[in-house]
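Peer 1: with the input below, show me the fold.
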Amino acid sequence: MYAIPLGDDGAELRPLEPWHAEEFLAHLERGREFIGQYIPFGSNVTDPASARETLQRYADLRAADTASYHGIWLDGKLVGGVLTLNFDAATGNCEVGCWLEPAATGRGLITRAMRVLIDWAVEERGIHRVEWVAASGNTPSLNVARRLGMTRDGVRREAHPYGGVRHDLEVWSILAPQWREARARAARNDH
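Peer 2: This next block holds a predicted model:
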């Protein structure tokens, strides 16, 4: 097992595995309403068996090199995560996403974890285009895309029917050369 520290506040990024099912379920129960405001993430996870099934599905997708789940732990407690989906190393494209329970918001956890994930995708896997898709009303998610230096590519109007509403989806992206330049700029500013 490996853990990647996300700063000096006890936060770390780890693979989210099927054996985390009980912890994953407890985490979703704490944040279900908040997490589910704009997406049905975790809505099918209602007991340990369905939690394990969801995590196994993503373990299988990771093995197939098409998607992955990574948990964010704060002081040893699972509080959220980041993921890849539509991961296609052959074409150099992937999408990233995130989720977080309300008690862990406002700490920059998603931004820090996403920097690790995008660094890995770009530098280790050769991904050229990293895409972020979020409902237009999901301001915290869109703010992360901005903080990561992504560019708003456009809006898919009323493309996401959810909760009795047709939500606009904003598509943001960053290309590998832009990511490398932004990371180099940040490194220079840290010194």
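Peer 1: give me the element residue 154 is part of.
Peer 2: For residue 154, the host element (DSSP states H and E) is strand 151-162.
Peer 1: tell me if residue 98 really is in a helix.
Peer 2: No. Under DSSP: H, G, I helix; E, B strand; the rest coil, residue 98 sits outside any helix and is assigned strand.
Peer 1: roughly how far does it sit from residue 7?
Peer 2: Look at residue 98 and residue 7: by C-beta to C-beta, to the nearest Å, they are 17 Å apart. Bear in mind the C-beta positions are built from the backbone N, C-alpha and C, glycine included.
Peer 1: show me which of those two is the more surrounded one.
Peer 2: Of the pair residue 98 and residue 7, residue 98 is the one with more neighbours under other C-beta atoms under 10 Å, namely 23 against 11.
Peer 1: verify the stated contact: the more buried one with residue 111.
Peer 2: No. If you go by C-beta atoms under 8 Å, residue 98 and residue 111 don't touch, sitting 9.3 Å apart.
Peer 1: tell me which residues touch residue 51, please.
Peer 2: Applying C-beta atoms under 8 Å, 6 or more residues apart in numbering, one finds that residue 51 lies in contact with 21-22, 24-25, 28, 45.
Peer 1: buried residues in the host helix or strand of it?
Peer 2: Residue 51 belongs to helix 48-63 when assigned by DSSP H and E. Of all the residues in helix 48-63, those buried under the rule 16 or more other C-beta atoms under 10 Å are 51-52, 54-55, 58-59, 61-62.
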